[in-house]
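quick one: sequence plus predicted model below, questions after.
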Amino acid sequence: MKEFRKSNTVTYNLMSFTAFKSLMLFTLLLESPKSYHEICEFFKNHEYIKEEISIDTFRVYITSLKRAGCEIERSSSKEGSKYKIISHPFELKISKEQVKSILKVYRIITETIDLKGLFVFEKFIRSLAQKIRDDSLMAAINKISVFKGIDFDLLEELFKYADNKRQISFLYNSPRGKKVEIELLIDKLGLSNNKVYLYGTNVNYEQYSYFRVSRILKILNVSIANMDLTKVPAIKVKYRLKSLTPEFKLSEDEKIVEIQDDSIIVEMESSNKFIMKQKIMSYGSYCTVLEPADFREDIINTLKRMRKEYCNGQN
């Protein structure tokens, strides 16, 4: 240590070189299977080692690792005679109870963290599962993941474009099975009913829309300039909610404008009537649209059509 402090240089005198080379060999084999020639090349080009090792010395290092508890195999000459670590005593093991605890944390985080934070957390858990080679943890995460069926590279791109409010076009597999090209000025990514959606203004229809991310096949283009949002008309809808149902949650486009004895009055502003209708209808009989008149009439007609369908054509 005194020599290192004085010169700030690592030399042969400052380390057990046999132990150092054994550790370097261990690290190399953890990355991927390596042949004796590949290992020699690495040692020769290493900034401290700078020399090849003989086959006899190499076997000493392999033996040292085996005595430390590593299980090492060598493939056949047809497969390149590569050395591979099958197992080692430093592997992290996770019990069934610990897997349950991780899943519990995941479910809690899903309810309390933003979508981007959840994505980062899941990437960490998946990386952990790969490193510890635990298929049970990976299978458990796949079962409850909100990102199931979504390409993670695609999702990372969408997060980046959402942060910068970019206008993109993408190929979308519509629910009817038809592949369509969508051009969208991205607003955000969000979670609804444990499904990930991409929200933004549809350039073709000039209205706010959302798309299931798992149905996005690929990004086709990223525009240099974004559309002018001042052209997109928005409407304000007021509705009365008689009871705060479990489904009630104010969106970014909503605000409570009046609190009454047995209900609240909510104002919602959006350019997408479809999304607004879906939200209103989700409250069922607890919700009544107050204004505007044409939107109220639209809801009434929708309810009449539904009643007609359920009553076999009877009014």
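Received it, and whenever you're ready, just let me know what you need.

C-alpha from now on. contacts and neighbour counts both.
OK.

what lines up beside the stretch of helix or strand residue 190 belongs to in the sheet?
Assigned by DSSP states H and E, residue 190 falls within strand 179-192. Strand 179-192 has the following strand partners under DSSP bridges: strand 167-173 (antiparallel), strand 195-202 (antiparallel).

using TSV, lay out those strands together with mean neighbour count.
TSV is the format used below for the strands paired with strand 179-192 (neighbours: other Cα atoms under 10 Å):
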stretch	mean neighbour count
strand 167-173	19
strand 195-202	20
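
mean pLDDT for those: which is lowest?
Mean pLDDT is lowest for strand 195-202 among those, at a mean of 90.

that strand: what's the following helix or strand?
That would be, after strand 195-202 and using DSSP H and E, strand 207-212.

show me what that following strand is packed up against.
Counting contacts by 3 or more Cα pairs under 8 Å, 6 or more residues apart in numbering; DSSP states H and E, strand 207-212 packs against strand 195-202.

do that again at 10 Å, thanks
Applying 3 or more Cα pairs under 10 Å, 6 or more residues apart in numbering; DSSP states H and E, one finds that strand 207-212 makes contact with strand 167-173, strand 179-192, strand 195-202, strand 264-270, helix 273-282.

out of the ones you listed, nearest to residue 140?
strand 195-202 (17.5 Å; Cα to Cα).

please report how far the residue lying closest to residue 263 once chain neighbours are set aside lies from residue 281.
What sits nearest to residue 263 in space, not counting adjacent residues and going by Cα to Cα, 6 or more residues apart in numbering, is residue 242, at 4.3 Å. The gap separating residue 242 from residue 281 is 14 Å, by Cα to Cα, to the nearest Å.

could you do residue 95 as well?
Counting by Cα to Cα - residue 95 and residue 281 are separated by 45 Å.

between these two, point out the one with more neighbours.
Between residue 95 and residue 281, counting by other Cα atoms under 10 Å, residue 281 is the more crowded of the two (16 against 11).

pLDDT value on that one, please?
Per-residue confidence at residue 281 stands at 88 (pLDDT).

is it true that it touches residue 296?
No - look at residue 281 against residue 296 with Cα atoms under 10 Å: they stay out of range, at 11.6 Å.

tell me, what's touching these two both at once?
288, 302 (Cα atoms under 10 Å, 6 or more residues apart in numbering).

distance of residue 305 relative to residue 279?
For residue 305, the distance to residue 279 (Cα to Cα) stands at 18 Å.

how many residues are close by residue 105?
The burial count for residue 105: 11, using other Cα under 10 Å.

so which strand or helix has it?
Per DSSP H and E: residue 105 is located in helix 96-112.

same check on residue 165?
Following DSSP H and E, there is no helix or strand that holds residue 165.

can you get me a residue count around it?
By the criterion of other Cα under 10 Å, residue 165 has 17 neighbours.

show me the beta-bridge partners of residue 71.
In this entry, residue 71 is beta-bridged to residue 87, by DSSP bridges.

in contact with it, which residues?
62, 65, 84-89.
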